[in-house]
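Undergrad: Model the structure of this input:
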Amino acid sequence: MPVHPFSSPSLSSTVVALRRAGCVFAEEEARLLHEAAASVGELSLLVERRAAGLPLEHVLGWADFHGRRFAVDAGVFVPRRRTEFLVAQAAALAPRRAVVVDLCCGSGALGVALASASDAAELHACDVEPAAVRCARRNVGGLGHVYEGDLFAPLPAALRGRVDVLLANVPYVPTGDVELLPAEARVHEPRVALDGGGDGLDVMRRVAAEAPQWLAPGGSLLVEASERQRDTAVEVLRAAGLSTRVLVSEEWYATVLVGTVQVAAVGAAPLPAAEQPGTPPGADPAAAPNPD
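TA: You can find the predicted model right below:
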């Protein structure tokens with residue numbers, strides 16, 4: 001039976017220990033650790049691991065994302081709460097019975113959240129990290145298929161030209177900034193899930209270049225970037241021939257780019273940016289669909 005979350009003085013002692021370790025949300029974390037512990041001895045171990053700097057999600061074995069708990073094993077990238085904004089935008093775009101692909105899937109949380117929210121017909125997820133693949137397979141379960149490999153390489157060829165929504169939570173931290181990340185990420189998450197190359201957009205370039213071969217007509221690629229990368233990221237998607245717009249959430253401090261394979265009527269002139277169909281609320285008019 002879990003240790004009672006409000007037992008005294010144990011809870012207050014845990015809060016003090018977590019505060020000393022630099023945990024900003026010590027009270028909430030203490031409550032979760034008490035709920036998770038089946039004994040006083042286990043509680044001590046959990047608190048010790050958290051105070052030593054392990055991400056709370058790795059200590060608990062799960063992360064809260066999009067209203068549900070997903071298993072997150074040690075060494076697996078922890079899904080960020082801000083990425084719920086990306087999932088929400090993807091759900092707004094997804095057609096009924098969509099074919100969904102989750103690249104760089106990590107725990108598989110994004111793909112499962114989108115598939116559940118949009119009643120997807122197919123879910124395919126992949127990651128290059130074996131630990132992430134094992135974790136994602138547990139989370140995805142019977143909802144879809146999880147593959148191990150680099151970006152599109154392990155996906156079935158039959159998916160080419162059929163993908164309605166392509167989620168790509170690619171790493172976008174510039175190499176020179178990785179050492180500036182909090183230790184929780186820098187030490188305990190795989191570097192391949194964080195390091196995006198010189199300007200942070202190397203992996204995004206690879207995904208964007210190949211995405212049009214996999215997307216269905218009208219299908220969309222969704223990626224995150226930082227605010228300072230925004231303009232360059234827009235050009236990356238446009239260079240791949242994708243009509244691109246930027247969605248920003250001040251609440252989540254999130255910047256999401258949507259690159260879409262446009263379906264144009266034969267002989268029809270391109271629509272002006274302001275008249276492009278399907279632009280969801282929150283779209284940035286300054287980065288409206290590519291008029292080219």
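Undergrad: so what's residue 258 up against?
TA: Going by Cβ atoms under 8 Å, 6 or more residues apart in numbering, residue 258 touches 89, 93, 220-222, 244-247. The C-beta positions use only the backbone N, C-alpha and C, and glycine is treated the same way.
Undergrad: and residue 24, how far is that from residue 80?
TA: From residue 24 over to residue 80 the distance is 15 Å, taken as Cβ to Cβ, to the nearest Å.
Undergrad: neighbour count winner among these two?
TA: residue 80 (18 against 8; other Cβ atoms under 10 Å).
Undergrad: ok, the more buried one to residue 185 distance?
TA: Separation of residue 80 from residue 185 (Cβ to Cβ) stands at 10 Å.
Undergrad: roughly how far apart are residue 223 and residue 165?
TA: Residue 223 is 12 Å from residue 165, by Cβ to Cβ.
Undergrad: How about residue 10?
TA: Noted for residue 10: a distance of 46 Å to residue 165, by Cβ to Cβ.
Undergrad: So which of the contacts of residue 258 belong to strands?
TA: If you go by DSSP state E, these have 220-222, 244-247 in strands.
Undergrad: just those now: which is nearest residue 106?
TA: Nearest to residue 106 among the ones in strands among the contacts of residue 258: residue 222, at 15.2 Å, using Cβ to Cβ.
Undergrad: which residues touch the closest one?
TA: 86, 89-90, 93, 165-168, 256-259 are the contacts of residue 222 under Cβ under 8 Å, 6+ apart.
Undergrad: Looking at residue 10 and residue 165, which one has more neighbours?
TA: residue 165 (28 against 19).
Undergrad: host element of the more buried one?
TA: Secondary structure assignment for residue 165, by DSSP states H and E: strand 163-168.
Undergrad: next one: that strand to chain centre, how far?
TA: Mean-position distance between strand 163-168 and its chain equals 12 Å (Cα atoms, centre = their mean, to the nearest Å).
Undergrad: Stretch 51-66 too?
TA: Its chain's average C-alpha position is 16 Å from that of stretch 51-66, according to Cα atoms, centre = their mean.
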